[in-house]
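Asks: only geometry, no sequence info:
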Ligand code: C2O
Ligand code: CU
Ligand code: CU
């Protein structure tokens, strides 16, 4: 009898250890809300817990994450954990949460880094544009040694003077681009400054959640030290004063506060009139310079990958949709191109086919797979770069336009330049059907997507 009780207790402890002690539980209410991008500028959004970006999810590496999501919208939605290696059925792409229903996502945070979460229910463009995104930070132990660890979620909006949503696009005419840029849901003077003291060392994480806009950020004085690309540590961190951040990309940088006490600096977008400027405000004190806690990782590069033959070659392109294709349901996110005599819907293709008719890729768990992307999309009104994203794993960038990158680079989203090419290599741990698509969401919703089928 006594032994039995002890055993029961032992089992209880184990169960608790798995489901409670090491698990972080997050509640996300997906609902209609009104937010203020600047005082008085009220905009109707769809939100996670009432804010845009949604509640940041911050966990320690190795933690079990439990996200209880309830859909209070009138349309189905889902949540994708961009950049995280989660089991296939937790990836948010296979099924949607119906209006009024709940779903609990559960996965381990296996790899430290800067990630994000967003809706993956088509039209993905509309759901993300309405505000369904948030930061997902998996902390490494050394991150706590910085003077501060800050996340900057960058977005653009197309709004009228009273904050009402305008239809269409402010710039370019092809993708949905805004007339106003935000940092953590604020624009202009409403953007919170970064307060520093001379000698401090801050970790800054930038996430571009825009559906099409590239954000180019420039530091007014000095240089950032880039330590991570899409959450993955660099074997050779580098210095730069400019970050070009494609849709869905992330950069982690160090900012060494070397300015004089009382001075002001800023991190500013190249489109200055769109309101994206992050002030850096120095207080009067000073301290001895903090050394970087960044741990330079060992190389993980695939041996001989540069000369390995590609397993797949994928050509990226666009074309006007035929009327046939139009009948097959352009979503409300459908791209229309003004073509003189009227508007023509556009579609984006991989090897001449549009999702769901694209050919899937077949690979095995553990297989080293190399893919070459060739961007042929140079015919239309403007040549397009395509930031290609792979679900379920991350990849080594093997070459850009035939050249090895300057340093070993691991990412989950890489821009394939117009008229150029990119080679990547990866290895899957988790089996399942994983999406591979352009993260310009007009392109994703209108065809530039395929599936990587991973078998054990
Ligand atoms: Cu960030 Cu398939 O998505
Ligand atoms: Cu993803
Ligand atoms: Cu694209």
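Replies: Now that the structure is in, tell me what you want to look at. Quantities reported herein were computed from a predicted structural model and do not represent experimental measurements. Ligands and ions are numbered 1, 2, ... in the order given.
Asks: Write out the residues of the stretch 1-150 of the chain neighbouring ligand 2.
Replies: Residues of the stretch 1-150 of the chain that fall close to ligand 2, judged by Cβ under 5 Å from the ion: residue 82. Every C-beta, even on glycine, is put in place using the N, C-alpha and C of the backbone.
Asks: pLDDT weak spots in the stretch 1-150 of the chain?
Replies: Under the criterion of pLDDT under 70, the regions of the stretch 1-150 of the chain flagged as low confidence span 1-22.
Asks: Nearest to ligand 3: which residue in it?
Replies: residue 125 (11.6 Å; Cβ to the ion).
Asks: did I read that right, that residue in a helix?
Replies: Yes. According to DSSP: H, G, I helix; E, B strand; the rest coil, the state of residue 125 is that of a helix.
Asks: That one reaches residue 442, doesn't it?
Replies: Yes. In this structure, residue 125 is within contact of residue 442 by Cβ atoms under 8 Å, at 5.7 Å.
Asks: number of nearby residues for the residue of the stretch 1-150 of the chain closest to ligand 3?
Replies: When neighbours are defined as other Cβ atoms under 10 Å, residue 125 has 25 of them.
Asks: mind starting the numbering at 50 from now?
Replies: Got it, the first residue is 50 from now on, which makes the last one we talked about residue 174.
Asks: ok, now which ones touch residue 340?
Replies: Under the criterion of Cβ atoms under 8 Å, 6 or more residues apart in numbering, the contact partners of residue 340 comprise residue 250.
Asks: Equivalent analysis for the one 4 residues further on, please.
Replies: Applying Cβ under 8 Å, 6+ apart, we find residue 344 in contact with 189, 191, 282.
Asks: List the residues that contact the residue in the stretch 400-505 of the chain that ligand 2 sits nearest to.
Replies: In the stretch 400-505 of the chain, no residue comes nearer to ligand 2 than residue 440, which is 4.5 Å away by Cβ to the ion. Residue 440 makes contact with 129, 140, 142, 483, 484, 485, 501, according to Cβ under 8 Å, 6+ apart.
Asks: The third one and ligand 1: what is the separation?
Replies: Okay, so that is residue 142. 7 Å (Cβ to the nearest ligand atom, to the nearest Å).
Asks: Leaving out sequence neighbours, find the closest residue to that residue.
Replies: In space, and not counting its chain neighbours, residue 142 is closest to residue 169: 5.0 Å by Cβ to Cβ, 6 or more residues apart in numbering.
Asks: Isn't that neighbour up against residue 141?
Replies: Yes. Counting by Cβ under 8 Å, residue 169 does reach residue 141; the two are 4.8 Å apart.
Asks: what touches both of the two?
Replies: Contacts common to residue 169 and residue 141, judged by Cβ under 8 Å, 6+ apart, are 127, 128, 129.
Asks: quick one: the last one is in a strand?
Replies: Yes. Under the criterion used here (three-state DSSP), residue 129 sits inside a strand.
Asks: which residues touch it?
Replies: For residue 129, the residues meeting the contact criterion (Cβ under 8 Å, 6+ apart) are 140, 141, 142, 166, 167, 168, 169, 440.
Asks: As a check, name the ranges of all helices in the stretch 300-449 of the chain.
Replies: Assigned by DSSP state H, counting those that start in this stretch, the helices in the stretch 300-449 of the chain fall at 372-376.
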